[in-house]
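1. Sequence below, structure please.
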Amino acid sequence: MKTVLIGVAVLLIATGILFTFNSIQTTDTTVVTVTSFEECVAAGNPVMESYPRQCRSADGQLFVEEVPPQTSDDGFGLQANGCAVAGCSGTLCVSADEAGDIVTTCEYRPEYACYKEASCEPQANGQCGWTDTPQLRACLNNPPQFEDGGIPQAY
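-> Okay, the predicted model is just below:
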């Protein structure tokens, strides 16, 4: 009986040693080098639900998705005299050369509707900007209100 107990004890110790040795050998220590947003996503790292999307790599680096500037028939991206309307909400008036590199948050405030009819053009100082008119000033002082939780009608 004593021999059987010693045999079982030796067998349990041997199994424990093999299990520990096997788990040490199978530990994956591969480090993936990430240098872009696409590589970060492909490596299986988490993508944040933001605009533009962001991915944080295992080593803590943050990569931002490159999003082409949005242009449409609503006037965003419109270029005139070297100036362009930019930004997700269409409220920035900047040099057409830099408009494609601008990234902003996407938000909406009632006064943003006022810029729909405003003029984005070179100002007296040579910089692009919104031309201050009595109509723009009146609109900004009393912006259109949201109706039914949506975007103002003037927009």
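2. Give me the three-state assignment for the residue most central in space within the chain.
-> By CA atoms, centre = their mean, the mean C-alpha position of the chain lies nearest to P52, the distance being 2.4 Å. Put simply, P52 is coil when judged by DSSP: H, G, I helix; E, B strand; the rest coil.
3. give me every residue that touches it.
-> By CB atoms under 8 Å, 6 or more residues apart in numbering, the residues touching P52 are 64-67, 103. C-beta here means a position set from N, CA and C on the backbone, and glycine is covered the same way.
4. Now a ChimeraX select for only the buried ones of the residues you listed.
-> If you want just the buried ones from the contacts of P52 in ChimeraX, going by 16 or more other CB atoms under 10 Å, the selection is:
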select :65
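5. Out of the contacts of P52, which sit inside strands?
-> Among the contacts of P52, DSSP state E puts V64 in strands.
6. Just give the nearest non-adjacent residue to S89, would you?
-> Spatial nearest neighbour of S89, excluding adjacent residues (CB to CB, 6 or more residues apart in numbering): Y112 at 5.1 Å.
7. from memory the one you found sits against L92, does it?
-> No: Y112 is beyond contact range of L92, at 10.6 Å (criterion: CB atoms under 8 Å).
8. Can you pick out the most distant pair from the contacts of P52?
-> E65 and V103 (9.9 Å; CB to CB).
9. mind giving me the domain ranges of the chain?
-> Per automatic domain parsing, the domain ranges recorded for the chain read 32-67, 79-141.
10. Most tightly packed of the ones you listed?
-> domain 79-141 (a mean of 16; mean count of other CB atoms under 10 Å).
11. can you map out the helices along the protein?
-> Assigned by DSSP state H, the helices in the chain fall at 2-25, 37-42, 96-99, 134-141.
12. Let me know which of these is the nearest to C88.
-> Across the helices of the chain, C88 has its closest neighbour in helix 96-99 (12.3 Å, CB to CB).
13. ok now that closest one, how far from the chain's centre?
-> Counting by CA atoms, centre = their mean, to the nearest Å, helix 96-99 is centred 20 Å from the centre of its parent chain.
14. Just give me the neighbour total for V4.
-> 8 (other CB atoms under 10 Å).
15. That one and V10, how far apart?
-> Per CB to CB, to the nearest Å, V4 is found 11 Å from V10.
16. ok, now Q145?
-> For Q145 relative to V10 (CB to CB), the value is 83 Å.
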